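Peer 1: sharing a sequence plus its predicted fold:
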Amino acid sequence: MNLTRLFFFAAVLAITIVVTFWAARRTSTQSDFYAAGRSVTGAQNGFAISGDLMSAATFLGFTGLIFLTGFDGWVLATAAIFAFLLILLLFAEKMRNAGQYTIADVLSFRFSKRPVRAATSVATLVVVVFYLIAQLVGAGVLIRALTGMSFTPAVIITGVAMLIYVVFGGMLATTWVQIIKAVLLLIVGGAMCVGVLWKFDFNPLSLFQAAADNHPKGDAYLAPGGASANPLNTLSSAVAYAIGTAALPHILIRFFTVPDARAARKSVGWAVGIIGIFFIMTSIIGYGARALLPVGSEKATAGGNLTAPLLAQHLGGGEGTFGGDVFIALVSAVAFATILAVVAGLVLSASGALSHDLWFNVVKKRAATEREGAVVARMAAGGVGVVAIVLTLMLGPGINVAILVGLALSIAASANFPALALSLSWKRFNTTGAVIGIGVGLVTSVVLIVLGPQVWPGGAGAAPFPLTFPVLVSIPAGFLACWLGTMIGKPDRRQAEAFTELRVRSQVGLGAETS
């Protein structure tokens, strides 16, 4: 077991737990638990949103993807930034003014509450569970590879830390863990970028050329087509990351933590700037790894996932040196912190779907008191966390993380995005359209991924559906189902009038909850 790396992992864990106990003393009501009492500023929320997106999947995944495929990996990073432009234009201010704690709050504002909340909650839980398992598997594999600890205790440690953050500290603890993680990631990533550029006299063109020279495809490494021979696969991947990220539940609920719509808009501006800097850094790190790591090191990177830690070790002086051990331990610990922050946000969004939407508004058919809501929310968070840990241990480290992330993004893009966008923009849209649209988007994305090249047992050549991400089919299917369901359903004057109220509230904030 590598004690240096284990020490840094333990230090990160200790800092975040201290933050949690500080936040726990300030978390007593339902509003505190779900929305940090609406007390988060625009700048703080921008850093926290960045922390949500800057997960291990993006830091390790995008860096590894650029290392392996070049230009195509960079395209996916750019698509993730585009997601926040969609959020700014379509959702940020409107959701803050229209809802309280969850996506279902916005959809149920003008529709029949029980069927819409039930459908939205199911879609949210499916997205969150798959994304959560992917993060926990990533944590287990990362800790096992970098410290020597076995997969099972690594997953349990991550899961227990996640439960401590959420059950005791709620959204306030999660927010500050995400802010700390984002700052650490920017510092460590910046140091790695300086180390890479230093090797090439701060000349990016020399870096790119050295990366191409060190890749089997040569200059084609810097051109489109490195990830797939099918251009539609690259396009579908970019659409999944752009629209799927814009509809992820744990990203959207962050807009309920700020006091007003102005702060929501400001937080998106901060997030776009921070994430833009972050993805510039991942590009430099990815191309730098290709230029500096030995030829044939693809296997050592574990499919690209350990590219950043191995580059850190190389920049620190190599394996076995003090600088190399410390730098790889620091980068690995920060990557671990990204997982902790993201899984906490995921559990919070699942807790809201279970307690606020399903239990109180569908089963009990009444609003919860502040104290009662906080207690049930904590119980729901604990239940979701335990189920996610058990499922992760059952599936084991061999499960393909890319499949789980792809499924989560595809469902979010196909089920959540059409219904949310139409509820905020189409007066004729009704309950039937929302429920059918969410259901069709959910089922279509799951079925097509099962029929796709990553899941189909016969392999990519025998897969009935050729695309890894089905969003080029499932998103139009979701929108079409919303339209057909609306046409089938009876016109409802009350829902049309509620649209006008929602429109006014979403645009000017009149009637929205204030801090």
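Peer 2: Looks like it arrived, so ask away. Numbers count the residues shown, from 1 in each chain.
Peer 1: residues contacting residue 79?
Peer 2: Residue 79 makes contact with 237-239, 241-242, according to CB atoms under 8 Å, 6 or more residues apart in numbering. All C-beta spots, glycine's among them, are computed from the backbone N, C-alpha and C.
Peer 1: and if you look at residue 305?
Peer 2: 60-61, 64, 138, 141-142.
Peer 1: closest to residue 486 out of the residues you listed?
Peer 2: When the contacts of residue 305 are ranked by distance to residue 486 (CB to CB), residue 61 comes first, at 37.6 Å.
Peer 1: what does the average pLDDT come to for the helix or strand containing residue 310?
Peer 2: For residue 310, the element it lies in under DSSP states H and E is helix 307-315. For helix 307-315, the mean per-residue pLDDT is 85.
Peer 1: could you do stretch 457-467 as well?
Peer 2: Here stretch 457-467 scores 80 as its mean pLDDT.
Peer 1: hmm, who's touching it?
Peer 2: Outside stretch 457-467, the residues that reach it (CB under 8 Å, 6+ apart) are 230, 232-233, 236, 448, 451-456, 473.
Peer 1: max pairwise distance over these: which two?
Peer 2: 232 and 455, at 17.8 Å, using CB to CB across the contacts of stretch 457-467.
Peer 1: show me which of the two is the more surrounded one.
Peer 2: Taking other CB atoms under 10 Å, residue 232 and residue 455 do not tie; residue 455 has more neighbours (16 against 13).
Peer 1: what helix or strand does that one sit in?
Peer 2: With DSSP H and E as the test, residue 455 turns up in no helix or strand.
Peer 1: doesn't residue 161 make contact with residue 389?
Peer 2: No. Contact criterion CB atoms under 8 Å: residue 389 and residue 161 do not qualify, at 11.1 Å.
Peer 1: coming back round to it: can you select the buried ones among the contacts of residue 305 for me in PyMOL?
Peer 2: Entered in PyMOL, the line below selects the buried ones among the contacts of residue 305, by 16 or more other CB atoms under 10 Å:
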select buried, resi 60+61+64+138+141+142
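Peer 1: out of the contacts of residue 305, name the ones that lie in helices.
Peer 2: 60-61, 64, 138, 141-142 (DSSP state H).
Peer 1: closest to residue 430 out of those residues?
Peer 2: residue 61 (39.3 Å).
Peer 1: could you measure from the closest one over to residue 67?
Peer 2: 11 Å (CB to CB, to the nearest Å).
Peer 1: overlap in contacts of the two?
Peer 2: Residues within reach of residue 61 and of residue 67 at once, by CB under 8 Å, 6+ apart, are residue 304.
Peer 1: circling back: the helix holding residue 310 packs against which elements?
Peer 2: For helix 307-315, the packing partners by 3 or more CB pairs under 8 Å, 6 or more residues apart in numbering; DSSP states H and E come out as helix 56-69, helix 170-199, helix 261-292, helix 322-351.
Peer 1: looking at those helices, which is closest to residue 32?
Peer 2: helix 170-199 (6.0 Å).
Peer 1: now the element after the closest one, going C-ward?
Peer 2: Counting by DSSP H and E, what follows helix 170-199 is helix 204-213.
Peer 1: buried set for that following helix?
Peer 2: Per 16+ other CB under 10 Å, helix 204-213 contains these buried residues: 207-208, 210-212.
Peer 1: tell me, what residue is most central in the chain?
Peer 2: The chain has residue 53 as the residue nearest its centroid, 5.0 Å off, counting by CA atoms, centre = their mean.
Peer 1: for the stretch 351-500 of the chain, what spans make up the helices?
Peer 2: Using DSSP state H, counting those that start in this stretch, the helices of the stretch 351-500 of the chain run over 370-395, 401-411, 417-423, 431-450, 471-488, 493-508.
Peer 1: out of the ones you listed, flag the one nearest residue 218.
Peer 2: Short answer: helix 401-411, nearest of the helices of the stretch 351-500 of the chain by CB to CB, at 26.2 Å.
Peer 1: on that earlier part again, the helix holding residue 310 vs helix 170-199, what angle?
Peer 2: 50 degrees (axes from the mean of the first three to the mean of the last three CA atoms, to 10 degrees).
Peer 1: which one of the ones in helices among the contacts of residue 305 is nearest to residue 105?
Peer 2: Looking across the ones in helices among the contacts of residue 305 and measuring by CB to CB, the closest to residue 105 is residue 138, at 30.4 Å.
Peer 1: residue 508: how many residues sit nearby?
Peer 2: Residues near residue 508, counting by other CB under 10 Å: 12.
Peer 1: now swap in residue 424 and tell me
Peer 2: Count around residue 424 with other CB under 10 Å applied: 21.
Peer 1: before we move on, the earlier item: what subset of the contacts of stretch 457-467 is buried?
Peer 2: The neighbour count (16+ other CB under 10 Å) marks 233, 236, 448, 452-456, 473 as buried among the contacts of stretch 457-467.
Peer 1: which among these gets closest to residue 14?
Peer 2: residue 454 (37.8 Å).
Peer 1: verify the stated contact: that closest one with residue 448.
Peer 2: No. The criterion here is CB under 8 Å, and residue 454 misses it with residue 448 at 11.2 Å.
Peer 1: low-confidence ranges in the stretch 1-150 of the chain?
Peer 2: Scanning the stretch 1-150 of the chain for pLDDT under 70 picks out the ranges 1-2, 56-57, 99, 146.
Peer 1: ranges for the helices of it?
Peer 2: 3-24, 30-35, 42-53, 56-69, 71-86, 92-98, 103-107, 113-147.
Peer 1: what comes up buried for the third one?
Peer 2: Read it as helix 42-53. 42, 44-53.
Peer 1: then it to CSV, C-alphas only?
Peer 2: The C-alpha trace of helix 42-53 is given here as CSV (Å, rounded to 0.1, in the frame of the first residue of the first chain):
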residue,chain,number,x,y,z
GLY,A,42,-23.8,33.9,-7.3
ALA,A,43,-20.0,33.5,-7.2
GLN,A,44,-20.2,30.7,-4.6
ASN,A,45,-22.8,28.9,-6.6
GLY,A,46,-20.7,29.3,-9.8
PHE,A,47,-17.8,27.6,-8.1
ALA,A,48,-20.1,24.9,-6.7
ILE,A,49,-21.7,24.3,-10.2
SER,A,50,-18.2,24.0,-11.6
GLY,A,51,-17.4,21.5,-8.9
ASP,A,52,-20.4,19.5,-9.9
LEU,A,53,-19.3,19.3,-13.5
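Peer 1: packing partners for that helix?
Peer 2: Short answer (3+ CB pairs under 8 Å, 6+ apart): helix 42-53 packs on helix 170-199, helix 249-252, helix 261-292, helix 322-351.
Peer 1: what's the answer for the second one, then?
Peer 2: Counting by 3+ CB pairs under 8 Å, 6+ apart, the packing neighbours recorded for helix 30-35 are helix 170-199, helix 370-395.
Peer 1: and the last one with helix 170-199, angle?
Peer 2: Direction vectors for helix 370-395 and helix 170-199, defined by the same axes, to 10 degrees, enclose an angle of 50 degrees.
Peer 1: can you tell me the average pLDDT over helix 370-395?
Peer 2: On average, helix 370-395 scores 84.
Peer 1: by contact count, what packs against that helix?
Peer 2: helix 30-35, helix 113-147, helix 151-164, helix 322-351.
Peer 1: separation between residue 131 and residue 164?
Peer 2: With CB to CB as the criterion, residue 131 and residue 164 are 20 Å apart.
Peer 1: give me the more crowded residue out of the two.
Peer 2: residue 131 (29 against 20).
Peer 1: number of nearby residues for residue 496?
Peer 2: 14.
Peer 1: from residue 307, how far off is the residue nearest to residue 193 when sequence neighbours are not counted?
Peer 2: Nearest non-adjacent residue to residue 193, counting by CB to CB, 6 or more residues apart in numbering: residue 284, 4.6 Å away. Shown here: residue 284 relative to residue 307, a distance of 12 Å by CB to CB.
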